[in-house]
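Visitor: Generate coordinates for the sequence data below:
(one chain, ligands or ions: 2)
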Amino acid sequence: MNSRMIPVAVINPEASPESLEAKQPAVDNGAEVYAKDGYFSREYMEREWHKVWTESWLIAGVSADLGEVGDYFLFKVRDESIIVTKTASGVSAFYNVCPHRGARLLTEERGNKKVFICPFHSWSFRNDGSLRAITDEETFQEAVICHRPGLTPVACEEHAGLIFISMSDDPIPLTTAVGLPEGYLENYQIDKMRVVRHVRSEWGSNWKVGVEAFYESYHLHAVHPETRGVMGDLNVQYDLYPGGASRMIVPLGQPSPRQADQTTVNEGLQWMLQEAGVDPSEFSGTAADVRAAIQQAKRKRSERLGLGYERFTDGQLSDSWATGIFPNVQIGCHPEAIFLMRFMPHDTDPERFWYDTMTLMFPVDDPDYSPPAWMGLPEGTDVTGLNRPDTEEFLIDEDPGLGLVLSQDAAFLPSVQEGMRSKAFKGQLWGEQEQRLRHFHVELERWLNR
Ligand code: FES
Ligand SMILES: [Fe+2]
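Guide: Ligands and ions are numbered 1, 2, ... in the order given. Model (predicted):
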């Protein structure tokens, strides 16, 4: 660190060191400029596949999607498809491959089945992976089938309402992989939330360009100028955790320090007050009072509806805790809802990725309760949590329908990918507002060189 360095913000200087809100100690990740071939090269893409995607823990889905015994969903990463299912004894995962001739067993993304019947020759398997029946078994030599071939299991664990899988034969402990302090995710009670939207869209850049764009708020003023009225983009607290995990606390309900007007309760702030249950026409404070007013209103709402917000800090009620889990996840954490984004590698093209997003809502039957507007739920979305919507899929030339902010990112990132390809570009130069990017790359290098 040198004297020119701008101190990076602390959200709550009074937070005790044990508080989840406390600024984490600085991590010295060096100042290296990383080579850029990782964004283009197929060889590097293969290395990532063998060293990272098939070795680390990945969030395959959410507990909310496995409510009943027999419920299953498919998790697809590149050309692997994995069945994640709830059996009588818990959550299990298997490769979606028939041991007979290799056919895919299941093709529907979600459903409920206690027996999986292969569509090729109708061998059948119980949902604990064991072989149930071989069609015309008497026509097989004993030596071919005496091992009673079942489905190949994949390591699978549930944590805080999220379901993780690992294709590794010897995965590291899940808590080590998640890296966040105990209670951090549990606090949001994601296991009680329900999926209200699931969108998978194809974007025109390497998956890491996606991770990087969502790991900083440095680009907000330029790419998303509309956020200036309501997001304290220069007051963001960045925290680094073990295992490549990281977090940024983006204060919402306050104007950006980049803008001169710090008093007018602009339209965006009015909207946020409204969302928290405060009538903006009766609000007498200035812009500087809005964030605290939102916090107080949400506390009151919690008391009225029995939501138990005592477990959250004031800041958690208003701010976005954007939380990254290595390798490919960011969760926008709010008491009302979480926005789970997964940056999935493309099947064949290092210059594309799949942006898989789920909005999960804590179900509360009250008209005065909604997920944060920035999550971009379309008008009329069913937020009761009673009906699990189908996954919407958008190809690269379609607008992903994720609201203004995310559409701006989707439209912008291909130009970053293209520019980085230029002979002139020598590698990314990160500042302290981009410390999460460096932290992510340090961890990525560690996995690639394991
Ligand atoms: S490939 Fe599955 S039964 Fe033949
Ligand atoms: Fe963005």
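
Visitor: Going by C-alpha atoms from here, please, whenever you check contacts or count neighbours.
Guide: Will do.

Visitor: near ligand 1, which residues of the chain?
Guide: 98, 100-103, 118, 120-123 (Cα under 6 Å from any ligand atom).

Visitor: 8 Å - rerun?
Guide: Residues of the chain found near ligand 1 (Cα under 8 Å from any ligand atom) are 97-105, 117-124, 134-135.

Visitor: out of those residues, which are buried?
Guide: With neighbours counted by 16 or more other Cα atoms under 10 Å, the residues of the chain next to ligand 1 contain buried members at 97-99, 104-105, 117-118, 123-124, 134.

Visitor: Which single residue of the stretch 301-450 of the chain ends up nearest ligand 1?
Guide: Asp347 (23.2 Å; Cα to the nearest ligand atom).

Visitor: Surely that residue touches Arg78?
Guide: Yes: in this structure Asp347 lies within contact range of Arg78 using Cα atoms under 8 Å: 4.4 Å.

Visitor: What separation is there between the closest residue to Met167 other than its chain neighbours and Glu48?
Guide: Nearest residue to Met167, sequence neighbours excluded (Cα to Cα, 6 or more residues apart in numbering): Thr54, at 5.0 Å. Noted for Thr54: a distance of 8 Å to Glu48, by Cα to Cα, to the nearest Å.

Visitor: re earlier: what are the neighbouring residues in contact with the residue of the stretch 301-450 of the chain closest to ligand 1?
Guide: Taking Cα atoms under 8 Å, 6 or more residues apart in numbering, we find Asp347 in contact with 77-79.

Visitor: Tell me who's in contact with the closest residue to Asn112 other than its chain neighbours.
Guide: In this structure, Asn112 finds its nearest non-sequential neighbour in Asp71, 4.1 Å apart by Cα to Cα, 6+ apart. For Asp71, the contacting residues are 65, 85-86, 110-113, by Cα under 8 Å, 6+ apart.

Visitor: How about Asn387?
Guide: Asn387 makes contact with Val196, according to Cα under 8 Å, 6+ apart.

Visitor: pretty sure it is in a helix, no?
Guide: No: assessed with DSSP: H, G, I helix; E, B strand; the rest coil, Asn387 is coil; it does not lie in a helix.

Visitor: Distance check, it against Phe312.
Guide: Counting by Cα to Cα - Asn387 and Phe312 are separated by 28 Å.

Visitor: do the same with His441
Guide: 31 Å.

Visitor: who's more crowded, those two?
Guide: The neighbour comparison of His441 against Phe312 (other Cα atoms under 10 Å) goes to His441, with 19 against 16.

Visitor: residues touching the more buried one, list them.
Guide: Applying Cα under 8 Å, 6+ apart to His441 gives no contacts.

Visitor: Which residues belonging to the helix or strand harbouring it are considered buried?
Guide: Here His441, judged by DSSP states H and E, is contained in helix 435-448. Applying a neighbour-count criterion of 16+ other Cα under 10 Å, the buried positions in helix 435-448 are 435-444, 447.

Visitor: Stretch 46-59 now?
Guide: Within stretch 46-59, the residues that count as buried by 16+ other Cα under 10 Å are 47-49, 51-59.

Visitor: In helices, which of these appear?
Guide: Counting by DSSP state H, the buried residues of stretch 46-59 place 47-48 in helices.

Visitor: where are the low-confidence patches of this structure?
Guide: Within the chain, the segments meeting pLDDT under 70 span 1-7.

Visitor: Do a quick rundown of the helices in the chain.
Guide: Under DSSP H, the chain gives helices at 42-48, 142-145, 174-178, 207-214, 220-223, 267-276, 287-305, 314-318, 404-421, 435-448.

Visitor: gap between Lys208 and Ala322?
Guide: Distance from Lys208 to Ala322, by Cα to Cα: 17 Å.

Visitor: With Ala88 instead?
Guide: To Ala322, Ala88 is 34 Å away according to Cα to Cα.

Visitor: Just want to know which of the two has more residues nearby.
Guide: A count of neighbours by other Cα under 10 Å puts Ala322 above the other of Ala88 and Ala322, at 22 against 12.

Visitor: Now do the contacts for the single nearest residue of the stretch 151-300 of the chain relative to ligand 1.
Guide: In the stretch 151-300 of the chain, the residue that lies nearest ligand 1 is Leu151 (10.7 Å; Cα to the nearest ligand atom). Residues near Leu151 by Cα under 8 Å, 6+ apart: 94-99, 125, 129-131.

Visitor: Try it again at 6 Å.
Guide: Contact analysis of Leu151 by Cα atoms under 6 Å, 6 or more residues apart in numbering lists Gly129.

Visitor: Can you report phi and psi for it?
Guide: phi -80, psi 150 (degrees, to the nearest 10).

Visitor: Numbering from 52 from now on, please.
Guide: Yep, numbering from 52; the last one is Leu202 now.

Visitor: Check what contacts stretch 418-427 and list those residues.
Guide: Taking Cα under 6 Å, 6+ apart as the rule, stretch 418-427 contacts 387-388, 453-454.

Visitor: mind redoing it with 10 Å?
Guide: 278, 322-323, 325-329, 349, 352, 369, 371, 383, 385-390, 408-415, 428, 434, 452-458 (Cα atoms under 10 Å, 6 or more residues apart in numbering).
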